[in-house]
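[1] predicted model and sequence follow; I will ask about them next.
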Amino acid sequence: MFEHLEKYAGDPIFGLNEAFHRDMHPQKVNLTVGLYYDNEGHIPVLASVKTAEQRRAQDPQSRPYLPMEGLASYRDAVQKLVFGASHKVLQDKKVATIQSVGGTGALKVGADFLHLAYPDSDVWISDPAWDNHHSIFQGAGVKSHSYSYYDPETKSLKFDQMLAEISALPPNSFVLLHPCCHNPTGVDLSQDQWLQLLPILAERQLIPFLDMAYQGFGAGLDEDAFAVRAMADAGLTFLVANSFSKNLSFYGERCGGLSVVCSSADEADGVLGQLKAVVRRIYSSPPMHGGQITSDVLNDTQLCAVWEQEVADMRQRIAFVRKQAHQQLTAKVPGYDSSYFVKQRGMFTYTGLSRAQLMALREHHGVYIIDSGRISVPGLNTRNLEYFTDAMADVLGLG
Ligand code: LMR
């Protein structure tokens, strides 16, 4: 019955992670999936999460279905985190927010919703992109295209070209943007560049969809939400997906949020209804446990302060490793410009390594980097950094 189906080629990120785990190399280094590892190479259980888990474990409660839109206290916490506690769009009740199954689930529900609202519209996604962005929209029946974003020559943003291309899009097109920690390049728009882009999005009547999977890993929890809040200030209608996978170290719990900023409370109410209908068609309602723990951490003043410090610690460790990698490579490979390590921000850095270099790193050194040359920086630590930079020095001559 199913023999006619093509074999799945595997996911370029998760597939290589699986290959890493099969490799027996004693010094192997995993720089594939966007997962935060601590300096010991472990995915941390945050102290704030542990306390919330312990409290819940002392008094287990029954588990009815959550509402389709998720836990009310969770949705409230998402709104405050994403928009800032006292933002006017929240006071005016212009935002429809649901608890989603991770950031990916938020993108899927958002894509289905957009296709329902504008069946003839296409989506434009940065080049390069997180591969799954194209797949998610295509899976929702939306044609996907690319806009210029990253210049491999200068390892920086092609801002003028990006603006020109976005300015030429048909009205009601969807534009996928990363407010912070661009995946895969680590190259973000500056605040000034966001402020230049916003009027174009508004004038062209485009529908921005912001994917914020790494809030807190760039410059800070509030700083990373600059684009979201500027867009809300400017009165745009847009969508924002957020995720607790990275900043709560909560990957497997699949906790995220989807918020749609509308022009009135009434419109937001109607949108929430449609989001619920989309959710009901896919998975009925989100899971409870992760939602409760997330809500417990974010809604308890003390736990939230502990969590904010934990996010700052993760961010600072990434920045430290970036600096160290740059220094070591500068010393070991004179003439090689590794400044991208410190110029780019967040979880990822985009190396521009060639296929031959990536394969040599994998086969000779057990250093796993996905085919685009994107490194997930927190896979590096003070114990494997010398090994990694030695391996880089070894392969850089390959061209
Ligand atoms: C990544 O890009 O590595 C992460 O966002 C994990 C994923 O789902 O691909």
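    Arrived safely.
[2] and the helices in the stretch 101-250 of the chain?
    102-117, 131-139, 159-167, 191-203, 226-233 (DSSP state H, counting those that start in this stretch).
[3] got the angle for the second one vs helix 102-117?
    Counting by axes from the mean of the first three to the mean of the last three CA atoms, to 10 degrees, helix 131-139 lies at 30 degrees to helix 102-117.
[4] flag every buried residue along helix 131-139.
    D131, N132, H133, H134, I136, F137 (16 or more other CB atoms under 10 Å). For glycine as for every other residue, the C-beta is placed from the backbone atoms N, C-alpha and C.
[5] do the same with the first one
    Judged by neighbour count using 16+ other CB under 10 Å, the buried positions of helix 102-117 are 102-115.
[6] which residues sit against it?
    Applying CB atoms under 8 Å, 6 or more residues apart in numbering, the contact partners of helix 102-117 are 98, 100, 121, 123, 132-133, 136-137, 139-142, 174, 207, 209, 211-213, 239, 241-243, 245, 254-258, 260, 271, 274-275, 278-279, 281-283, 286.
[7] buried only: go through those residues for me.
    If we count by 16+ other CB under 10 Å, these have these buried: 98, 100, 121, 123, 132-133, 136-137, 140, 142, 174, 207, 209, 211-213, 239, 241-243, 245, 254-258, 260, 271, 274-275, 278-279, 286.
[8] from the opening residue of stretch 209-217 to its closing one, how far?
    Length of stretch 209-217, first residue to last, CA to CA, to the nearest Å: 20 Å.
[9] quick one: mean pLDDT for it?
    Per-residue pLDDT over stretch 209-217 has a mean of 98.
[10] could you do stretch 234-247 as well?
    Computed over stretch 234-247, the mean pLDDT rounds to 98.
[11] please enumerate the strands of the stretch 1-150 of the chain.
    29-30, 95-101, 123-127, 144-148, 150-151 (DSSP state E, counting those that start in this stretch).
[12] next, count neighbours for the residue of the stretch 151-300 of the chain found nearest the ligand.
    In the stretch 151-300 of the chain, the residue that lies nearest the ligand is N183 (5.2 Å; CB to the nearest ligand atom). The number of residues packed near N183 is 24, by other CB atoms under 10 Å.
[13] look at G10 and report its pLDDT.
    pLDDT, G10: 89.
[14] kindly report the residues of the stretch 51-200 of the chain close to the ligand.
    W130, N183 (CB under 6 Å from any ligand atom).
[15] quick one: low-confidence ranges for the stretch 51-200 of the chain?
    The stretch 51-200 of the chain contains no residues with pLDDT under 70.
[16] residues touching L239, list them.
    Contacts of L239 (CB under 8 Å, 6+ apart): G110, F113, L114, I207, P208, F209, L210, L258, S259, V260, V261.
[17] how about it, nearest residue that isn't a chain neighbour?
    Nearest non-adjacent residue to L239, counting by CB to CB, 6 or more residues apart in numbering: F209, 4.5 Å away.
[18] for that neighbour, give me its contacts.
    L107, G110, L114, V123, F174, V175, L176, L177, F238, L239, V240, A241.
[19] nearest to Q302, out of these: which one, please.
    Nearest to Q302 among those is V240, at 27.4 Å by CB to CB.
[20] what is the neighbour count of the closest one?
    Counted with other CB under 10 Å, the neighbours of V240 add up to 28.
[21] ok so, going back, make a markdown table from the buried residues of helix 102-117 and add distance to N381 to it.
    Shown next, in a markdown table, are the buried residues of helix 102-117 (distance: CB to CB, whole Å):
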| residue | distance to N381 |
| --- | --- |
| G102 | 26 |
| G103 | 25 |
| T104 | 27 |
| G105 | 30 |
| A106 | 30 |
| L107 | 30 |
| K108 | 33 |
| V109 | 36 |
| G110 | 35 |
| A111 | 36 |
| D112 | 40 |
| F113 | 40 |
| L114 | 40 |
| H115 | 42 |
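[22] nearest to the ligand: which residue in the chain?
    Counting by CB to the nearest ligand atom, the chain gets nearest to the ligand through G34 (3.3 Å).
[23] okay, that residue: pLDDT?
    At G34, pLDDT is 95.
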